[in-house]
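Trainee: Here is my input; please provide its structure:
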Amino acid sequence: MTEVIKTARLTKRYGRIEAVRDLNFTVPEGAIYAFVGPNGAGKTTTIKILMNIFQASGGTAEVLGMRSTKVAGKVFQAIGYVSENQQMPEWMMTGALLQYVRGFYPKWDAQLESELVKQLNLPLERKVRQLSRGMKMKLALASSMAYHPRLIVLDEPFGGLDPLVRDELIEALLERATEATIFISSHDLAEIESFASHVGYMSQGRLQFSEEMGSLAARFREVEVTLEAPRSMPAEMPNSWLQIESAGVVVRFVESEFDERRTREHIRRVFGETREVDFRSMTLRKIFLAMARKGAEV
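Mentor: Have a look, this model is predicted:
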């Protein structure tokens with residue numbers, strides 16, 4: 001499968017601070033890749049390196065088969081990039097801005113533009129400065145999709161938007177997902193979980209995991225163990241157990257490498273015979289919080 005984005009030991013330093021450290025991940029063609037993590041994790045820095053806005057301090061990044069340092073000029077005819085604080089000429093009318101942008105893209109599809117304007121309910125006769133944040137994000141998305149880019153990069157597009165606007169943006173994205181790879185950074189985990197095919201989790205500049213959503217969901221479980229009698233917790237626990245808590249005869253933890261047979265064997269080895277063991281699936285939000293708390297403990 002073709003890799004649309006690929007990094008190898010990608011690093012970005014600001015003095016003694018490493019904003020991104022030894023980042024290795026790939027985004028396959030056709031994926032909807034969710035890039036998640038707490039504020040300051042290094043997500044936006046990584047995106048700006050990919051878009052050749054920042055220069056890496058070490059390692060390499062490739063976008064559409066070329067070094068990220070070559071991403072410039074006509075290359076953006078194949079990339080739709082929308083940043084969290086998208087800058088647009090505030091004095092222009094919405095319709096005039098779309099007309100102006102058309103000239104930069106030989107593959108601009110006027111029919112698709114019209115469909116996006118209608119779908120996103122864009123007010124063509126209103127000045128950009130009069131638009132709400134949500135409407136500005138709709139305009140940025142429409143102007144980044146009307147030329148059929150191979151790659152759409154969105155940095156925190158849902159921040160501060162009401163649910164209806166988020167739904168409209170997501171619907172527009174999903175309709176384009178059949179022809180483009182989408183790389184999206186966001187804290188809106190519930191929305192991302194509903195449509196992402198892959199997910200990468202950043203914490204303190206490091207990538208904690210990068211995998212298909214199905215694989216991630218399969219390997220995380222909330223576990224509740226009911227013991228035969230209260231007992232003190234062993235000093236050593238499996239490294240894959242997170243957020244271990246105990247109260248009386250009940251022990252709870254998050255298993256990050258779930259395999260029912262192996263996990264039951266680990267429980268038996270740690271606690272001996274038990275009264276009951278219960279496994280529960282986890283949402284992306286719960287997985288995110290478990291990983292964030294793990295990072296905070298390091």
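Trainee: Give the closest residue to residue 22 in space, chain neighbours not counted.
Mentor: With C-beta to C-beta, 6 or more residues apart in numbering as the criterion, residue 22 has its nearest non-adjacent residue at 4.9 Å, and that residue is residue 9. In short, each C-beta sits where N, CA and C put it, glycine included.
Trainee: cool, and residue 46?
Mentor: Counting by C-beta to C-beta, 6+ apart, residue 46 lies nearest to residue 20, which is 5.6 Å off, once chain neighbours are set aside.
Trainee: Can you check what pLDDT the model gives that neighbour?
Mentor: Note on residue 20: pLDDT of 96.
Trainee: thinking again about what came up before, check the gap between the residue nearest to residue 22 and residue 21 for me.
Mentor: Residue 9 sits 9 Å away from residue 21, going by C-beta to C-beta, to the nearest Å.
Trainee: what number of residues lie near residue 258?
Mentor: Residue 258: 19 surrounding residues under other C-beta atoms under 10 Å.
Trainee: Would you double-check that it falls in a strand?
Mentor: No - using DSSP: H, G, I helix; E, B strand; the rest coil, the secondary structure at residue 258 is coil, not a strand.
Trainee: what about it, distance to residue 216?
Mentor: Going from residue 258 to residue 216 by C-beta to C-beta gives 11 Å.
Trainee: same deal with residue 225?
Mentor: Using C-beta to C-beta, residue 225 is found at 23 Å from residue 216.
Trainee: Between those two, tell me which one has more neighbours.
Mentor: Ranked by neighbour count (other C-beta under 10 Å), residue 225 and residue 216 place residue 216 first, with 21 against 18.
Trainee: so that one, which of the three states?
Mentor: Strictly by three-state DSSP, residue 216 counts as helix.
Trainee: correct me, but it touches residue 196?
Mentor: No - counting by C-beta atoms under 8 Å, residue 216 stays clear of residue 196, with 9.9 Å between them.
Trainee: Now do the strands in the stretch 1-150 of the chain.
Mentor: Using DSSP state E, counting those that start in this stretch, the strands of the stretch 1-150 of the chain run over 3-14, 17-28, 32-36, 58-63, 66-67, 79-82.
Trainee: Among those strands, show me which one is buried the most.
Mentor: strand 32-36 (a mean of 25; mean count of other C-beta atoms under 10 Å).
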